[in-house]
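>>> A predicted structure for the sequence below; I have some questions about it.
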Amino acid sequence: MKITVVDTNDGFAALREQWDALQNNSIETSIFMSWEWQFYWWKYYGKQQKLRLLLVTSGDRIVGILPLYIQVVTLFRQIQVALLRLVGTGGDTSPDYLGPILERGTENEAAQLLADFVLTHMQDWAVLRLTDMPQDSIFQHVLTSLCRERNVRFSRGLSARIAVVPLPASWDAYLASMTKSQRYNAVRYMRKLERNSSARFFAWNDAENIDTAVDRLIELHHLRWRGRNESHAFSSPEYVGFHREVIKACLKRGWLRLYCLEADNVIIAMHYCYRYRNQVFEFQGGFDPAYTQLVPGRVITGYSIQNAIEEGNTVYDFLKGDYEHKDLWTKEKKETQFVAAYRGNLDGHAYRLRFENIPRWKRRVKSLLGKAGLMAGKADGD
């Protein structure tokens with residue numbers, strides 16, 4: 001096996017068929033590691049950054065791909081730090097389950113080769129920060145082991161906790177697994193909506209008018225967040241352009257699940273999801289607050305999960321984001337992890353100081369102040 005580096009957009013585009021073949025023969029992969037998602041993300045978010053696609057080849061066959069890029073950030077107003085990151089991270093759209101694609105049966109050898117190449121032969125980074133990798137990622141464990149062996153300073157930890165619904169064979173079985181109150185809250189508004197003769201739930205599959213569907217999704221998402229001072233999706237030209245293209249590409253592959261809830265001949269709620277390897281991933285959504293009395297957000301989630309079960313899927317994945325409404329449907333969680341490694345130079349030290357040491361010191365001071373306040377309160381009580 002050997003490694004080659006692709007660093008051009010044309011080279012990235014030319015990998016499509018080989019990338020797809022490798023992914024089909026990989027155990028540990030995701031929709032977010034597909035060529036479609038990765039390539040269009042780079043198209044909209046790569047800009048002037050440096051592409052580093054690492055290809056592991058055996059003869060004329062690609063047996064591993066690790067999509068990386070170099071992002072330069074400025075710290076303390078004058079120190080420029082080169083970060084090595086996974087393609088898909090660093091923009092205003094943030095997927096989960098990233099990492100290398102490794103051919104079935106060659107995972108350990110290819111992961112070892114990639115980790116060694118990153119640490120030994122890539123000299124254009126000061127900080128390696130790979131996030132949103134599956135907790136059981138082979139590459140993650142190989143990389144940290146190699147860092148430890150070579151005395152490379154590194155850290156590893158939690159990227160996100162993700163709510164997931166293990167799906168049984170039937171909707172009735174899923175409802176039976178809930179508590180009585182959960183079941184009541186999950187289905188009562190679905191039943192109320194079903195009494196409306198104009199209401200229906202469906203998955204959009206009209207390729208010719210997909211732009212109309214995307215426009216409505218964006219509109220509903222903005223309506224949901226109107227008047228709130230929190231950042232939200234579909235707020236930048238890059239976000240809109242990227243998702244419009246990847247939606248079209250994934251619709252052609254049969255991966256898109258754009259669920260719609262209609263009432264009074266108007267789509268009042270949408271869930272933007274993907275189906276990949278018998279799992280459904282809920283990426284984004286929106287609803288019209290004018291129909292709040294119908295609780296459209298909760299209703300469309302119920303129908304989406306029911307549809308996922310009827311398709312024969314095994315998991316409904318809410319992806320990252322701590323939102324209370326997810327707890328209505330599941331208590332199951334999974335985690336993604338990050339690995340960070342640092343060169344022993346000024347840039348590496350500066351990044352670690354800014355993003356690890358200073359936050360840790362702040363937490364420590366806050367804890368000490370809290371304890372001091374508690375002790376003072378007890379003393380006053382005495």
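Everything's here; your move.
>>> residue 104 and residue 23: what is the separation?
Look at residue 104 and residue 23: by CB to CB, to the nearest Å, they are 11 Å apart. (Glycine included, C-beta is placed from N, CA and C.)
>>> between those two, tell me which one has more neighbours.
residue 23 (18 against 12; other CB atoms under 10 Å).
>>> ranges for the helices of this structure?
Taking DSSP state H as the test, the helices found in the chain are 9-14, 16-24, 35-45, 107-116, 138-149, 171-176, 180-194, 210-225, 237-253, 296-310, 346-352, 358-381.
>>> any idea of the pLDDT on the closest residue to residue 84 other than its chain neighbours?
Spatial nearest neighbour of residue 84, excluding adjacent residues (CB to CB, 6 or more residues apart in numbering): residue 125 at 3.8 Å. On pLDDT, residue 125 comes in at 95.
>>> swap in residue 64?
If you check residue 64, the pLDDT there is 98.
>>> ok, the one 4 residues further on next?
Per-residue confidence for residue 68 comes out at a pLDDT of 98.
>>> tally up the residues packed near it, please.
Using other CB under 10 Å, the number of residues around residue 68 comes to 21.
>>> now the one 3 residues further on
Residues within reach of residue 71, counting by other CB under 10 Å, total 19.
>>> quick check: beta-bridge partners of the residue nearest to it when sequence neighbours are not counted?
Closest residue to residue 71 apart from its sequence neighbours, by CB to CB, 6+ apart: residue 83 at 4.7 Å. Listed beta-bridge partners, residue 83: residue 71, residue 127 (assigned using DSSP bridges).
>>> any idea how far residue 76 is from residue 83?
Taking CB to CB as the measure, residue 83 falls 15 Å from residue 76.
>>> so those two - more neighbours on which side?
Comparing residue 83 with residue 76 by other CB under 10 Å, the one with more neighbours is residue 83, at 21 against 9.
>>> where does this protein dip in pLDDT?
227-232, 371-382 (pLDDT under 70).
>>> cutoff 80 now
196-197, 224-233, 322, 345-346, 355-357, 359-360, 366-382 (pLDDT under 80).
>>> that one - how does it break down into domains?
Domain segmentation of the chain under automatic domain parsing yields 2-159+336-366, 168-313.
>>> hang on, residue 45 packs against residue 90?
Yes. Assessed by CB atoms under 8 Å, residue 45 is found in contact with residue 90 at 6.8 Å.
>>> tell me who's in contact with residue 107.
Shown in contact with residue 107 (CB atoms under 8 Å, 6 or more residues apart in numbering): 27-28, 138.
>>> likewise residue 259?
201-204, 270-271, 273, 300, 303-304, 307.
>>> by neighbours, which of those residues wins?
Most surrounded of the contacts of residue 259: other CB under 10 Å gives residue 270, at 27 neighbours.
>>> give me the nearest residue to it, chain neighbours excluded.
In space, and not counting its chain neighbours, residue 270 is closest to residue 217: 4.8 Å by CB to CB, 6+ apart.
>>> export the helices of the chain as JSON lines, with columns for distance to residue 325.
What follows is these, written out as JSON lines (distance: least, CB to CB, whole Å):
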{"stretch": "helix 9-14", "distance to residue 325": "37"}
{"stretch": "helix 16-24", "distance to residue 325": "32"}
{"stretch": "helix 35-45", "distance to residue 325": "25"}
{"stretch": "helix 107-116", "distance to residue 325": "37"}
{"stretch": "helix 138-149", "distance to residue 325": "30"}
{"stretch": "helix 171-176", "distance to residue 325": "17"}
{"stretch": "helix 180-194", "distance to residue 325": "10"}
{"stretch": "helix 210-225", "distance to residue 325": "12"}
{"stretch": "helix 237-253", "distance to residue 325": "22"}
{"stretch": "helix 296-310", "distance to residue 325": "7"}
{"stretch": "helix 346-352", "distance to residue 325": "36"}
{"stretch": "helix 358-381", "distance to residue 325": "29"}
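>>> identify whichever of these lies nearest to residue 165.
Among those, helix 296-310 comes nearest to residue 165, with 6.2 Å by CB to CB.
>>> tell me which residues in the closest one are buried?
Neighbour-count burial for helix 296-310 flags 296-309 (criterion: 16 or more other CB atoms under 10 Å).
>>> what about residue 170, neighbour count?
By other CB under 10 Å, 12 other residues sit near residue 170.
>>> do residue 126 as well
Other residues close to residue 126 by other CB under 10 Å number 25.
>>> which residue packs closest to it, ignoring adjacent ones?
Per CB to CB, 6+ apart, closest to residue 126 is residue 347, 3.6 Å.
>>> that neighbour and residue 81 touch, don't they?
Yes. Assessed by CB under 8 Å, residue 347 is found in contact with residue 81 at 4.5 Å.
>>> quick one on the thing from earlier: just put the domains of the chain in JSON lines and tack on distance to residue 319.
Conversion of the domains of the chain to JSON lines gives the following (distance: least, CB to CB, whole Å):
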{"stretch": "domain 2-159+336-366", "distance to residue 319": "5"}
{"stretch": "domain 168-313", "distance to residue 319": "6"}
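>>> which of those sits closest to residue 323?
Closest to residue 323 of the domains of the chain is domain 168-313 (CB to CB; 10.0 Å).
>>> on that earlier part again, quick one, which of the domains of the chain gets closest to residue 328.
Among the domains of the chain, domain 168-313 comes nearest to residue 328, with 6.0 Å by CB to CB.
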